[in-house]
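Colleague: pasting the sequence and the predicted coordinates here, then a few questions.
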Amino acid sequence: MKRLMTCIECPQGCSLEIEADGTRVISVTGQKCKRGDKYARQEVEAPLRTLTTSVLTRGLELRMLPVRTSKPIPKEKLFEAMEGVKRLVVTSPVKAGSVIATDFLGLGVDLVACRALNKI
Ligand code: SF4
């Protein structure tokens with residue numbers, strides 16, 4: 001099976017052609033550097049995404065706190081992660097970069113605040 005994708009590792013945006021057998025990459029062409037090959041293989045074999053969302057707050061100046069995972073997580077875990085985020089409520093003031101949940105859902109990443117929030 002052939003797949004086409006654009007490498008997003010740098011502004012060049014190389015058009016990649018990937019020959020794959022299911023989720024096993026056989027060959028990658030079109031990349032101008034090694035990062036394109038690595039990107040294509042990661043995307044086909046084990047795609048990762050950084051989760052960006054919001055967590056409910058109580059007693060803080062905004063009702064929702066924007067958060068993100070400290071590193072990308074497996075794409076197939078995004079829905080489970082969103083369910084985990086729905087169970088969280090932040091009640092203490094935070095700074096940008098504060099850890100809201102350590103080793104979030106055992107995924108080996110932290111959930112961190114994207115901005116500061118103070119008490120009302
Ligand atoms: S293959 Fe290399 S040069 Fe092309 S977009 Fe990816 S990182 Fe940039």
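Modeller: Okay, I see it.

Colleague: tell me how far E17 lies from the ligand.
Modeller: Applying C-beta to the nearest ligand atom, to the nearest Å, the value for E17 to the ligand is 12 Å. C-betas here are computed from N, CA, C, even on glycine.

Colleague: that residue reaches G30, doesn't it?
Modeller: Yes - the criterion here is C-beta atoms under 8 Å, and E17 meets it with G30 at 5.2 Å.

Colleague: which element follows the host helix or strand of V55 toward the C-terminus?
Modeller: Secondary structure from DSSP states H and E places V55 in strand 52-57. Following strand 52-57 in sequence order, the next helix or strand is strand 64-69 (DSSP H and E).

Colleague: pull the distance from the strand holding V55 to the chain's centre.
Modeller: 14 Å (C-alpha atoms, centre = their mean, to the nearest Å).

Colleague: could I get the CA-only coordinates of that strand as PDB?
Modeller: Output in PDB follows, covering the C-alpha atoms of strand 52-57 (Å, rounded to 0.1, in the frame of the first residue of the first chain):
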ATOM      1  CA  THR A  52      -3.800  20.100  24.000                       C
ATOM      2  CA  THR A  53      -7.100  20.800  25.800                       C
ATOM      3  CA  SER A  54      -8.600  22.500  28.900                       C
ATOM      4  CA  VAL A  55      -9.200  21.400  32.500                       C
ATOM      5  CA  LEU A  56     -12.100  22.600  34.600                       C
ATOM      6  CA  THR A  57     -11.200  25.000  37.500                       C
END
